[in-house]
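**Student:** Have a look at this prediction, sequence included:
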Amino acid sequence: MEPRQQITIKTIAHAPIEKVWDIWVKPEYIQQWNFASADWACPSAMNDLRVGGTFNYRMEAKDKSFGFDFGGTYTEVVPLSRIAYIIGDGRKVRIDFEKLDDGVKVTETFEAEDVNSIDKQRLGWQSILDNFTTCVESK
(Lines give C-alpha, C1' and ligand atoms only; values in the text may rest on other atoms or scores of the structure.)
Protein backbone atom coordinates (compact mmCIF):
# COMPACT_ATOMS: atom_id res chain seq x y z
CA MET A 1 0.00 0.00 0.00
CA GLU A 2 1.36 3.38 -1.01
CA PRO A 3 1.74 5.99 1.75
CA ARG A 4 -0.86 8.73 1.71
CA GLN A 5 0.11 12.27 0.80
CA GLN A 6 0.51 14.60 3.78
CA ILE A 7 -1.22 17.99 3.80
CA THR A 8 -0.10 20.69 6.25
CA ILE A 9 -2.02 23.82 7.17
CA LYS A 10 -1.10 26.55 9.67
CA THR A 11 -2.40 29.56 11.53
CA ILE A 12 -1.27 31.93 14.25
CA ALA A 13 -3.79 32.67 16.99
CA HIS A 14 -2.98 35.82 18.93
CA ALA A 15 -3.87 34.59 22.43
CA PRO A 16 -2.24 32.76 25.36
CA ILE A 17 -1.56 29.08 24.75
CA GLU A 18 -3.93 27.99 27.54
CA LYS A 19 -6.82 29.80 25.83
CA VAL A 20 -5.90 28.40 22.40
CA TRP A 21 -5.76 24.87 23.84
CA ASP A 22 -9.10 25.20 25.65
CA ILE A 23 -10.89 26.46 22.55
CA TRP A 24 -9.40 23.57 20.53
CA VAL A 25 -10.44 20.81 22.97
CA LYS A 26 -13.61 21.86 24.84
CA PRO A 27 -16.86 20.76 23.14
CA GLU A 28 -18.69 24.03 23.86
CA TYR A 29 -16.02 25.88 21.87
CA ILE A 30 -15.55 23.21 19.16
CA GLN A 31 -19.21 23.73 18.21
CA GLN A 32 -18.46 27.43 17.61
CA TRP A 33 -15.66 26.96 15.06
CA ASN A 34 -15.63 23.44 13.61
CA PHE A 35 -17.11 24.08 10.14
CA ALA A 36 -15.70 25.34 6.85
CA SER A 37 -18.27 27.97 5.85
CA ALA A 38 -21.09 30.12 7.25
CA ASP A 39 -23.77 27.83 5.83
CA TRP A 40 -22.52 24.92 7.97
CA ALA A 41 -22.62 24.27 11.72
CA CYS A 42 -21.31 21.85 14.33
CA PRO A 43 -24.45 21.11 16.39
CA SER A 44 -22.77 18.58 18.69
CA ALA A 45 -19.28 17.68 19.86
CA MET A 46 -18.04 14.95 22.18
CA ASN A 47 -14.38 14.86 23.21
CA ASP A 48 -12.62 12.38 25.51
CA LEU A 49 -9.13 13.89 25.29
CA ARG A 50 -6.75 11.12 26.36
CA VAL A 51 -4.72 8.45 24.59
CA GLY A 52 -7.27 5.82 23.56
CA GLY A 53 -10.11 8.31 24.05
CA THR A 54 -12.45 9.16 21.20
CA PHE A 55 -14.10 12.23 19.77
CA ASN A 56 -17.09 12.81 17.53
CA TYR A 57 -18.16 16.10 15.96
CA ARG A 58 -21.42 16.38 14.04
CA MET A 59 -21.09 18.65 11.02
CA GLU A 60 -24.25 19.73 9.14
CA ALA A 61 -25.43 22.15 6.53
CA LYS A 62 -27.61 24.72 8.31
CA ASP A 63 -30.48 23.90 5.94
CA LYS A 64 -30.20 20.23 7.08
CA SER A 65 -29.63 19.07 3.49
CA PHE A 66 -26.45 17.19 4.36
CA GLY A 67 -24.43 16.21 7.41
CA PHE A 68 -21.83 13.78 8.67
CA ASP A 69 -20.00 12.70 11.80
CA PHE A 70 -16.27 13.35 12.03
CA GLY A 71 -14.58 11.22 14.65
CA GLY A 72 -11.55 9.28 15.67
CA THR A 73 -9.32 7.93 18.42
CA TYR A 74 -6.48 9.80 20.12
CA THR A 75 -3.00 8.31 19.81
CA GLU A 76 -1.04 11.13 21.49
CA VAL A 77 -2.01 13.94 23.85
CA VAL A 78 0.65 16.30 25.20
CA PRO A 79 -1.17 19.16 26.95
CA LEU A 80 -0.50 22.61 25.44
CA SER A 81 1.78 21.01 22.83
CA ARG A 82 0.47 18.18 20.60
CA ILE A 83 -2.58 16.13 19.75
CA ALA A 84 -2.54 13.18 17.35
CA TYR A 85 -5.39 10.90 16.33
CA ILE A 86 -6.59 8.41 13.77
CA ILE A 87 -9.81 9.29 11.93
CA GLY A 88 -12.47 6.62 11.54
CA ASP A 89 -11.24 5.87 7.98
CA GLY A 90 -7.69 5.15 9.22
CA ARG A 91 -6.01 8.42 8.25
CA LYS A 92 -3.62 10.03 10.72
CA VAL A 93 -3.78 13.65 11.92
CA ARG A 94 -1.33 15.62 14.07
CA ILE A 95 -1.80 19.10 15.55
CA ASP A 96 1.15 20.97 17.05
CA PHE A 97 0.79 24.06 19.24
CA GLU A 98 3.90 26.26 19.37
CA LYS A 99 4.01 29.17 21.78
CA LEU A 100 5.27 32.40 20.15
CA ASP A 101 5.95 35.84 21.61
CA ASP A 102 2.64 37.14 20.20
CA GLY A 103 0.46 34.05 20.25
CA VAL A 104 0.41 30.40 19.25
CA LYS A 105 1.27 28.79 15.92
CA VAL A 106 -1.06 25.88 15.23
CA THR A 107 0.19 23.42 12.61
CA GLU A 108 -2.13 20.65 11.48
CA THR A 109 -0.85 17.80 9.31
CA PHE A 110 -3.22 15.19 7.95
CA GLU A 111 -3.20 12.35 5.47
CA ALA A 112 -5.13 13.06 2.29
CA GLU A 113 -8.21 11.07 1.37
CA ASP A 114 -8.92 9.71 -2.11
CA VAL A 115 -12.24 11.38 -2.96
CA ASN A 116 -11.52 15.13 -3.09
CA SER A 117 -8.54 16.88 -4.68
CA ILE A 118 -5.58 17.86 -2.52
CA ASP A 119 -6.39 21.54 -3.10
CA LYS A 120 -10.02 21.06 -2.04
CA GLN A 121 -8.97 19.20 1.10
CA ARG A 122 -6.38 21.84 1.97
CA LEU A 123 -8.91 24.64 1.42
CA GLY A 124 -11.61 22.96 3.52
CA TRP A 125 -9.36 22.15 6.46
CA GLN A 126 -7.74 25.60 6.29
CA SER A 127 -11.19 27.24 6.36
CA ILE A 128 -11.98 25.36 9.57
CA LEU A 129 -8.61 26.37 11.02
CA ASP A 130 -9.29 30.00 10.07
CA ASN A 131 -12.68 29.78 11.86
CA PHE A 132 -10.81 28.46 14.90
CA THR A 133 -8.45 31.46 14.86
CA THR A 134 -11.37 33.88 14.55
CA CYS A 135 -13.10 32.17 17.49
CA VAL A 136 -9.96 32.33 19.66
CA GLU A 137 -9.35 35.99 18.90
CA SER A 138 -12.99 36.96 19.53
CA LYS A 139 -13.13 35.44 23.03
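**Tutor:** Ah, there it is.
**Student:** How far away from the center of its chain is the top helix by length along the chain?
**Tutor:** Of all the segments of type helix in the chain, defined by DSSP state H, the longest one is helix 118-138. Centroid displacement of helix 118-138 relative to its chain, using C-alpha atoms, centre = their mean, to the nearest Å, is 8 Å.
**Student:** Can you tell me which helices and strands the strand ranked longest in the chain packs against?
**Tutor:** For the chain, the strand with the greatest residue count under DSSP state E is strand 67-78. If you count contacts as 3 or more C-beta pairs under 8 Å, 6 or more residues apart in numbering; DSSP states H and E, strand 67-78 packs onto strand 54-61, strand 82-87, strand 92-100. All C-beta spots, glycine's among them, are computed from the backbone N, C-alpha and C.
**Student:** for those, which one sits closest to Pro16?
**Tutor:** strand 92-100 (8.6 Å; C-beta to C-beta).
**Student:** Work out the sheet partners of that closest one and label each with its direction, please.
**Tutor:** Paired strands of strand 92-100, with direction, are strand 82-87 (antiparallel), strand 103-111 (antiparallel) (DSSP bridges).
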